[in-house]
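J.: Let me see the structure of the following:
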Amino acid sequence: MRSTFTGIEISKRALFTQQAALTTTGHNISNANTAGYSRQVVNMVASRPLEYPGMMRSNVPGQMGQGVEFTSITRIREKFLDDQFRNENKQFGNYSIQNDTLDKLQAIVNEPTDTGIRSVLDKFWKSWTDLAKDPENVSGRKLVRENANALADAFNATSKQLSDLSNDLTSNIDVKANQINSLTTTISSLNNEIFRIEGLGDNANDLRDQRDLLTDQLSKIVNISVVETPQGYTINMGNTNLVTGQTTTAVTAATLATAMNSGDLNSGEVYGMIISRDRYVADYQQQLDTLANSIANGQVQITIPAGSVIPDGSVLMVPTNTPTGPTLTPVTYSGPVASRTLASDLTVVVQGINGLHKLGYTFATPAAKGVDFFTAKTGTAVTAATFQLNPVIANDPNYIATSLRTTGTAPNETAVKGNNTLALLISQLKDSKFSFNNGGNANGTPSIMNGTLDDYFRSIVGQLGVQAQTTSRQTDNQKAMVDQIEDRRQSVSGVSLDEEMSNMIKFQHAYGAASRFMTTFDQVLDKLINSTGVVGR
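T.: Residues are numbered from 1 along each chain as shown. Predicted structure coming up:
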């Protein structure tokens, strides 16, 4: 039997349901600009109807509706788009870091400019050409010294900037490791809260949004796979577990490096940082070291003109052809001046400007043999970081050797006044072909390339430009991909203010109608209770 007060109950249920819908609409509008928020909806169903025999159909059950009720409040989310977003986001993180690093490398190399290494090197060679015009000129010698110091400063500064960039990347890897640990700890905590709340039958919509937002952030840092279980998210980086339910595995810079070597870490910002540091920065540091060392001690073939006097005790490496191929034959020059004077032009291989400079003489009395022009600040290896003008020359430019001819007899030989043979040979090193050890190939075999110093440096700049252009294009394309997927996610999960305003009006009218229905039924009951049952009233 239907209750007399059924109408009141139906209107009450309608009021509660429409009120919940209005509240949820307000919640959506309030979070329209909240990062990671997913639109929520109230799921309404008709209440279980009342069953009773019909008055016109004896003993046949009938049903009368009992209004509406809401079973749950759920968020609108599509897992496929979440997985797609995270899969593309990791590549965007990787490319963006590499692109940023290559942009910084271009700023460090700073070519082509008037202040870059190439420009400073050109000025250095030109000062030798100018000195050859007047080899005894003190101003010309000082200019060579100053340009040599400027070249050393350019190498030192560039090397330090590369070293600083490498250290910055290492520090950022540590920062990212801490960020990963913070994110995974928070995700595991949310797993626990969501498990507890949903175990009571509720939907932890807002907590799920927070967890998904943190997971999205994590997907940009490292490559991850996400599986949802009743205990929450299980997140793995390759075969390395990061989160399982309410437990986490902390990472460090060392464990991330190990994961990269094993293949577990293969994308994301951390991967981009390791690649940038160990491949790009290290490669350009090695090439810069090769250039600096080649200027000082690189193998180069020159031709010494006839009439030149080789310093006593010098050993020249003369290229000769043998049945097994070309080889270098050492030839020692010693004894009186006549025996050390070349009767004809002689082609030899020397070790850079140092090897050539030590074949010449200063204009001191007696003539002094040239010294190493460039030396290492520390140790014996000349690198971009240790490259310096020999302190002996830096303190006294008269130690710059320009002559290859002497007169007199040992030990009182003197350089021929005005002879510029050595200065000309050194200035010609600019266009001479050096042999560069350009690291090694995949098998560890040294890669030797021949070319001028300018060719080698231009190859460095050209390689950097191509790499920067490639990563810039990859970053732009990947960002467009991520943005496109995010737009699709927002079209599904995002809050549309127009739609919410429409819903608000709809629910408002439904609430008003339910209120009117309750008022009407109240009047019916009032009539029934207060105006019936009294005869004659």
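
J.: Name the SS class of Tyr37, please.
T.: Of the three states, Tyr37 takes coil under DSSP: H, G, I helix; E, B strand; the rest coil.

J.: Number of residues surrounding it?
T.: Number of residues near Tyr37 (other CB atoms under 10 Å) recorded here: 22. Placement of C-beta: from N, CA and C, glycine included.

J.: How about it: what's its closest non-neighbour residue?
T.: Closest residue to Tyr37 in three dimensions, ignoring its sequence neighbours and counting by CB to CB, 6 or more residues apart in numbering: Asn31, at 4.2 Å.

J.: Cross-check the contact I'm expecting between that neighbour and Leu497.
T.: No - Asn31 sits out of contact with Leu497 when judged by CB atoms under 8 Å, with a separation of 11.3 Å.

J.: From the neighbour counts alone, determine which of these two ranks first.
T.: Taking Asn31 and Leu497 together and counting by other CB under 10 Å, Asn31 has the greater number of neighbours (17 against 10).

J.: what about Val331, is that helix, strand or coil?
T.: Secondary structure of Val331, per three-state DSSP, is strand.

J.: separation between it and Leu342?
T.: Separation of Val331 from Leu342 (CB to CB, to the nearest Å) stands at 11 Å.

J.: confidence score at the residue positioned nearest the centre of the chain?
T.: Relative to the mean C-alpha position of the chain, the nearest C-alpha, by CA atoms, centre = their mean, is the one of Ile97, at 2.0 Å. Predicted confidence (pLDDT) at Ile97: the value is 97.

J.: So it versus Met481, what's the distance?
T.: According to CB to CB, Ile97 stands 17 Å off from Met481.

J.: again, but for Glu500
T.: 29 Å.

J.: any weak-confidence spans in the stretch 251-400 of the chain?
T.: Counting by pLDDT under 70, not a single residue of the stretch 251-400 of the chain qualifies.

J.: can you pull out the helices in it?
T.: For the stretch 251-400 of the chain, the helices identified by DSSP state H, counting those that start in this stretch occupy 253-262, 268-275, 282-297, 352-357, 391-395, in order along the chain.

J.: For Asp312, find the nearest of these.
T.: Smallest distance to Asp312 across the helices of the stretch 251-400 of the chain (CB to CB): 16.4 Å, for helix 352-357.

J.: mind checking how far Gly65 is from Thr6?
T.: Using CB to CB, one gets 10 Å for the distance from Gly65 to Thr6.

J.: Find residues that contact each of those two.
T.: Common neighbours of Gly65 and Thr6, using CB atoms under 8 Å, 6 or more residues apart in numbering, are Leu50.

J.: Quick check: which of the helices of the stretch 251-400 of the chain is nearest to Leu346?
T.: Nearest of the helices of the stretch 251-400 of the chain to Leu346, taken as CB to CB: helix 352-357 at 13.1 Å.

J.: Is it possible to get a markdown table of the helices of the stretch 251-400 of the chain that adds mean neighbour count and distance to Thr184?
T.: As requested, these are arranged in a markdown table below (neighbours: other CB atoms under 10 Å; distance: least, CB to CB, whole Å):
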| stretch | mean neighbour count | distance to Thr184 |
| --- | --- | --- |
| helix 253-262 | 16 | 13 |
| helix 268-275 | 24 | 14 |
| helix 282-297 | 20 | 30 |
| helix 352-357 | 23 | 53 |
| helix 391-395 | 15 | 55 |
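
J.: right, and the ones you listed - which one's nearest Val318?
T.: Taking CB to CB as the criterion, helix 352-357 is the member of the helices of the stretch 251-400 of the chain that comes nearest to Val318, at 13.5 Å.

J.: Can you list the neighbours in contact with that closest one?
T.: Here helix 352-357 makes contact (CB under 8 Å, 6+ apart) with 293-300, 302, 350, 370-374, 401, 422, 425-426, 429, 434.

J.: Kindly calculate the angle that the lengthiest helix in the chain makes with helix 268-275.
T.: When secondary structure is assigned using DSSP state H, the longest helix within the chain turns out to be helix 138-199. Orientation note: helix 138-199 sits at an angle of 150 degrees relative to helix 268-275 (axes from the mean of the first three to the mean of the last three CA atoms, to 10 degrees).

J.: what's the next secondary structure element after helix 138-199?
T.: With elements assigned by DSSP states H and E, the helix or strand that comes after helix 138-199 is helix 205-221.

J.: Check which residues of that next one are buried.
T.: Along helix 205-221, these residues count as buried under the neighbour rule (16 or more other CB atoms under 10 Å): 205-212, 214-221.

J.: What angle do helix 253-262 and it make with each other?
T.: Here helix 205-221 runs at 70 degrees with respect to helix 253-262, directions being taken by the same axes, to 10 degrees.

J.: didn't the residue nearest to the centre of the chain look like it was pressed against Arg277?
T.: No - counting by CB under 8 Å, Ile97 stays clear of Arg277, with 10.1 Å between them.

J.: What about Ala306, how many residues nearby?
T.: Residues near Ala306, counting by other CB under 10 Å, number 11.

J.: From Ser403, how far out is it?
T.: Taking CB to CB as the criterion, Ala306 is separated from Ser403 by 15 Å.

J.: what does the helix or strand Trp125 falls within contact?
T.: With secondary structure defined by DSSP H and E, Trp125 is part of helix 117-133. By CB under 8 Å, 6+ apart, the list of residues contacting helix 117-133 from outside reads 109, 111-113, 137, 140-141, 143-144, 146-148, 150-151, 154-155, 158, 291, 295, 400, 402, 420, 423-424, 426-427, 429-430, 453-454, 457-458, 461.

J.: what do you get for stretch 368-381?
T.: So stretch 368-381 is contacted by 148, 152, 293, 295-296, 311, 352-354, 357-362, 382-383, 385-393, 399-401, 422 (CB under 8 Å, 6+ apart).

J.: got the end-to-end distance for it?
T.: Stretch 368-381 has an end-to-end distance of 25 Å (CA to CA, to the nearest Å).

J.: and it, how far from the chain's centre?
T.: 38 Å (CA atoms, centre = their mean, to the nearest Å).

J.: Also stretch 16-35?
T.: On the basis of CA atoms, centre = their mean, the separation between the geometric centre of stretch 16-35 and that of its chain is 41 Å.

J.: Number the chain from 3, please
T.: Sure, I'll start counting at 3 from here, so that last one is stretch 18-37.

J.: Tell me the buried residues in that stretch?
T.: Counting neighbours by 16+ other CB under 10 Å, one finds that the buried residues in stretch 18-37 are 18-24, 26-27, 29-30, 33.

J.: ditto for stretch 306-315
T.: Residues of stretch 306-315 classed as buried under the neighbour-count rule (16+ other CB under 10 Å) are 306, 310-314.
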